[in-house]
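**Q** Here's a sequence, model it:
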Amino acid sequence: MKKLLFILSFLAGITQVYCHTSNDGFQYNGVWNETYNHIVIEGDSAANTYIIYMADTIKRKDFRGWSCAGDLRILINSDSCSAQFISTGAGKGRIYYYYDDNPSDSCKCGIKSVSLDVYKHFNPSAPAYDMEISGPSCILEGDTVVYSIKPILTKHLNAGIGVDQYYWNVADTTSQNKPSFVDKLIYNAGDGSSVTFVVGEVTGNEEVSVQVGRANVDNILVKSLGKAAPKPSITPVCVPYGTNKVQVSVEEPIDGVIYSWSCDNDLWGFNPMQGSTTTLTVDGNGAPTITVTASYMGEEACNSSKASLKVVRSWSAGATLEPDSNYLYEYGVKYKFRMEDGVTGGGVGWNTPRGWTVTNNSGSELEMRPDSNGVLNIVDSLHAYALNSCAGENIDSRTIPIYMKPATVTNISNTTCLTAGSHTFTITGWGNGPHAQQYIWYLNGDSLGIYGETYTTTISAEHTSVSVKPRITKNDGSFGYGEPSSFGLTFSPIRPDTIISVHCLTAGISDTVTLKLTGITPNQDYQWIFPTGIDSVSSDEHNTVCLVRTNGVPGIYYVSVFGKGSTECGNTDTIIVPFNITAPQFSIQTEVIRNQRNFYIDPWDLEDISSYEWHLNGNYYTNHSELSISKDVSSAFVEVWVTFTNGCIEYAQYTFNSSRMDNNMQQRKANHSNPDMAIAPHIEDVTISPNPAQDQLRIILPNNDEDVLIRIIDLNGRVVCRRKFDKEEIIINTAKFTDGVYTIYISSSDETITKQLIIKH
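**A** As a prediction, this is how the structure comes out:
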């Protein structure tokens with residue numbers, strides 16, 4: 001084999017090495033291994049190791065280039081004879097030399113290559129690599145342990161150069177030299193970076209080692225192992241409330257093992273600190289964790305065999321569970337509950353009722369919100385208990401009742417299209433919260449008793465509402481209530497019986513009449529249909545009473561009325577009532593009898609007479625059924641009002657003066673049940689103020705020189721004021737009048753004026 005000394009003195013940091021020539025034409029530095037056809041390079045630091053290769057046995061004209069793979073990089077590629085490479089890591093590498101064995105081939109199909117594997121010889125524990133074995137330092141028979149090393153060797157399977165690996169002394173369990181402390185190999189990583197095995201017999205002088213890469217046979221990593229002390233077991237510790245010292249022991253202590261005690265609460269202490277039995281001094285109300293560490297004498301590195309136990313405490317008999325409030329709890333609102341007075345030990349556990357969400361739990365204080373409407377109970381309970389207790393159930397747990405506010409009723413069935421009689425009402429809608437145990441039912445605000453979610457009763461059309469109020473019974477017998485709900489009742493209107501009014505209306509002049517329905521459904525609306533010649537002036541709230549005006553044209557007029565229902569209920573049948581407009585059939589006649597003037601009805605045999613009312617010169621004269629009156633007068637203004645049994649009121653007037661011709665006229669009185677509701681032609685020279693009026697009304701009658709009758713009538717036909725005046729200015733006190741619309745009738749000897757008046761205080 002040809003030897004060549006090649007020195008590179010012009011590159012800083014390059015180590016001078018000897019170069020050798022292999023059978024494939026390479027010159028290289030390092031140690032040649034003819035068996036495996038590879039070289040091993042030296043150097044503690046792979047980052048500053050240079051490799052120089054020369055190819056002098058291959059024709060230069062055939063040269064195509066150099067390349068490398070793995071943990072190598074080309075540093076200098078000067079020519080076909082030599083190249084320089086740098087090692088970039090501790091893993092495996094490969095060098096390629098490309099040449100053409102048929103240079104005349106224009107397609108370059110004859111390019112071939114030769115290669116050389118490169119392995120690294122280095123100290124894995126050197127600072128440049130900082131490799132070490134991780135895993136337990138103390139082992140015990142039967143333990144399953146894992147040891148690993150940082151996998152820094154680069155994998156280059158895709159480059160076709162394979163991978164350098166780690167070789168553990170405990171991995172080959174088939175070898176006769178298998179370590180005695182390895183009982184069973186469970187796992188060996190593909191690159192050898194970790195192994196897992198079950199520990200066998202341990203003497204205390206074991207070690208685990210690993211060879212890093214195949215070039216480091218004489219330089220491996222070693223980890224010394226020690227025999228761990230058996231894991232101790234501690235007798236459970238119970239500290240009753242009020243106790244300040246308690247004895248702690250290791251169960252079945254082992255000779256030769258040292259037991260050391262510690263606690264995660266610095267205020268708690270042990271005396272002595274070492275030994276299989278010690279006295280624990282209690283400070284405060286906490287429940288810390290105590291730890292005992294077992295180790296062999298003098299083997300401080302192997303003291304990881306430990307056992308921990310949380311101290312068990314109890315509560316005092318005076319511990320109480322207090323709610324944030326004693327009111328009914330409402331859906332969606334947060335509430336707090338607290339354990340107080342003598343609560344000690346490792347915290348408080350809570351059993352919360354279904355449907356409640358815990359929003360904060362600090363141990364002795366709990367915050368909850370009821371927000372699951374479907375599962376909330378009207379009466380429930382909250383339970384608090386000691387998380388680790390050595391006392392009985394009666395001491396270390398507390399329970400309080402929870403009373404939810406019942407859900408507000410949002411709907412009740414069978415409240416529309418009602419008729420008088422027996423009806424059943426059923427709750428069909430609820431708001432947030434659970435259903436109540438019972439409900440108090442009301443009709444028109446009057447309590448009817450306590451029932452369930454369904455109630456049956458007899459109702460009439462006067463009932464306007466049905467109400468319910470949820471009620472719960474608490475554990476102590478007291479009651480809690482939810483919000484009351486009220487629902488309006490709607491009746492299907494019934495057909496009216498008839499229309500009440502005076503059936504004879506004034507002929508020849510405009511007249512008004514109040515029409516009133518009978519046999520109606522209270523609080524239901526009605527619709528009037530008037531023919532031509534009768535018009536509505538005003539009506540009450542539900543159209544059951546209506547003031548109308550006629551045109552005075554004689555004839556028969558038909559007024560129709562029906563009850564207005566709704567889309568669900570429908571309207572009632574219509575009633576049709578005829579009204580007659582006719583002239584009076586009597587007059588006032590006069591004669592002298594025994595020096596007195598006698599006034600009488602002509603004809604005197606009127607049928608269906610109920611009563612007479614005579615007025616002489618504006619003064620009321622009689623109110624009994626007399627056909628005539630007698631009076632010694634030289635002049636008089638006489639009126640007679642005749643009431644018929646059908647309600648019709650007619651009147652006649654007669655003016656007598658001995659010095660001039662008598663005047664006799666008759667006409668029909670306005671068709672109201674009260675004769676003061678006469679209507680006469682409207683004139684413009686009368687003023688009324690203020691209008692609307694409050695406490696006083698002022699009426700101006702220009703050039704008035706006779707008695708004038710003032711009548712004020714409300715919409716129901718009632719006379720609220722009737723007085724005579726002979727002044728131009730009239731003041732009337734209206735302080736006691738109720739707010740509303742009125743009609744003023746001002747009657748003189750030959751005419752009547754009407755005005756509309758509004759009273760508003």
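
**Q** can we go C-alpha only for contacts and neighbour counts from here?
**A** Fine.

**Q** May I have the beta-bridge partners of residue 422?
**A** With beta bridges defined as DSSP bridges, residue 422 has these partners: residue 458.

**Q** correct me, but it touches residue 455?
**A** No - with contacts counted by C-alpha atoms under 8 Å, residue 422 stays clear of residue 455, the gap being 10.5 Å.

**Q** which one of those two has more residues nearby?
**A** Taking other C-alpha atoms under 10 Å, residue 422 and residue 455 do not tie; residue 455 has more neighbours (17 against 11).

**Q** looking at it, the more buried one is touching residue 413, isn't it?
**A** No - using C-alpha under 8 Å, residue 455 is not in contact with residue 413; the gap is 10.7 Å.

**Q** Find the residues that touch each one of the two.
**A** When C-alpha atoms under 8 Å, 6 or more residues apart in numbering defines a contact, the residues bordering residue 455 and residue 413 alike are 425-426.

**Q** Describe which strands the helix or strand where residue 278 lies pairs with in its sheet and in which direction.
**A** Using DSSP states H and E, residue 278 sits within strand 277-281. When pairs are called by DSSP bridges, strand 277-281 turns out to pair with strand 245-251 (antiparallel), strand 269-271 (antiparallel).

**Q** Show the model's pLDDT score for residue 605.
**A** Note on residue 605: pLDDT of 71.

**Q** scratch that, residue 6
**A** At residue 6, the predicted lDDT confidence score is 25.

**Q** In three-state terms, how would the residue sitting nearest the centre point of the chain be classified?
**A** With distances taken as C-alpha atoms, centre = their mean, the residue of the chain nearest its centroid is residue 332 (6.7 Å). Going by DSSP: H, G, I helix; E, B strand; the rest coil, the secondary structure assigned to residue 332 is coil.

**Q** what sits against it?
**A** Contact criterion C-alpha under 8 Å, 6+ apart gives 369-371 as the residues in contact with residue 332.

**Q** Quick check: the gap between the nearest residue to it once chain neighbours are set aside and residue 325.
**A** Residue nearest to residue 332 in three dimensions, not counting chain neighbours: residue 371, with 5.0 Å by C-alpha to C-alpha, 6 or more residues apart in numbering. Taken as C-alpha to C-alpha, to the nearest Å, the spacing of residue 371 relative to residue 325 amounts to 18 Å.

**Q** got it, and residue 515?
**A** With the distance defined as C-alpha to C-alpha, residue 515 ends up 62 Å from residue 325.

**Q** Who has more neighbours out of those two?
**A** The residue with the greater number of neighbours, taking residue 515 and residue 325 and applying other C-alpha under 10 Å, is residue 515; the counts read 24 against 10.

**Q** From what I see, the more buried one and residue 500 are in contact.
**A** Yes - here residue 515 lies in contact with residue 500, judged by C-alpha under 8 Å, at a distance of 5.8 Å.

**Q** Ends of stretch 570-586, what's the gap?
**A** Length of stretch 570-586, first residue to last, C-alpha to C-alpha: 48 Å.

**Q** Which positions within it qualify as buried?
**A** Buried residues in stretch 570-586, defined by neighbour count with 16 or more other C-alpha atoms under 10 Å: 571-572, 575, 580-584, 586.

**Q** Stretch 553-561 too?
**A** For stretch 553-561, a neighbour-count test (16+ other C-alpha under 10 Å) marks 553-554, 557, 559-561 as buried.

**Q** picking up where we left off before, how about the strands paired with strand 277-281 in JSON lines, adding mean pLDDT?
**A** Rendered in JSON lines, the data for the strands paired with strand 277-281 read as follows (pLDDT from 0 to 100):
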{"stretch": "strand 245-251", "mean pLDDT": "91"}
{"stretch": "strand 269-271", "mean pLDDT": "91"}
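
**Q** Just say which of those is most tucked in.
**A** Neighbour counts averaged per stretch over those are highest for strand 269-271, at a mean of 18; criterion: mean count of other C-alpha atoms under 10 Å.

**Q** which residues sit against it?
**A** Outside of strand 269-271, the residues that reach it under the criterion C-alpha under 8 Å, 6+ apart are 261-263, 278-282.

**Q** rerun that using 7 Å as the cut-off
**A** With C-alpha atoms under 7 Å, 6 or more residues apart in numbering as the test, strand 269-271 has contacts from 261, 278-281.

**Q** Then stretch 559-566?
**A** With C-alpha under 7 Å, 6+ apart as the contact definition, stretch 559-566 has outside contacts at 492-495, 525-531, 571-578.

**Q** Restricted to helices, list the residues you listed.
**A** Of the positions in those, not one sits in helices, assigned by DSSP state H.

**Q** Those in strands, which ones?
**A** Counting by DSSP state E, the members of those that fall within strands are 526-529, 575-578.

**Q** Would you reformat those as a markdown table and include pLDDT and distance to residue 189?
**A** Formatted as a markdown table, the entries for the ones in strands among the contacts of stretch 559-566 read as follows, by pLDDT from 0 to 100; distance: C-alpha to C-alpha, whole Å:
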| residue | pLDDT | distance to residue 189 |
| --- | --- | --- |
| 526 | 93 | 97 |
| 527 | 92 | 98 |
| 528 | 93 | 102 |
| 529 | 92 | 103 |
| 575 | 90 | 104 |
| 576 | 89 | 108 |
| 577 | 88 | 110 |
| 578 | 86 | 114 |
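
**Q** ok, residue 353 touching residue 379?
**A** No - applying C-alpha atoms under 7 Å as the test, residue 353 and residue 379 come out as separate, 10.1 Å apart.

**Q** and residue 495, what does it touch?
**A** Under the criterion of C-alpha under 7 Å, 6+ apart, the contact list for residue 495 reads 520, 562-563, 572-574.

**Q** picking up where we left off before, list only buried entries from the contacts of strand 269-271.
**A** When the contacts of strand 269-271 are checked against 16+ other C-alpha under 10 Å, the ones flagged as buried are 261, 278, 280.

**Q** which residues touch the second one?
**A** Spelled out, that is residue 278. Counting by C-alpha under 7 Å, 6+ apart, residue 278 touches 247-249, 270-272.

**Q** correct me, but residue 758 touches residue 743?
**A** No - with contacts counted by C-alpha under 7 Å, residue 758 stays clear of residue 743, the gap being 8.7 Å.

**Q** For those two, indicate the residue with more neighbours.
**A** Neighbour count, other C-alpha under 10 Å: between residue 758 and residue 743, residue 743 has more, with 19 against 16.

**Q** partner residues bridging the more buried one?
**A** Here residue 743, judged by DSSP bridges, has bridge partners residue 713, residue 756.

**Q** Likewise for residue 305?
**A** In beta-bridge terms (that is, DSSP bridges), residue 305 pairs with residue 294.

**Q** No further queries at this time; thank you.
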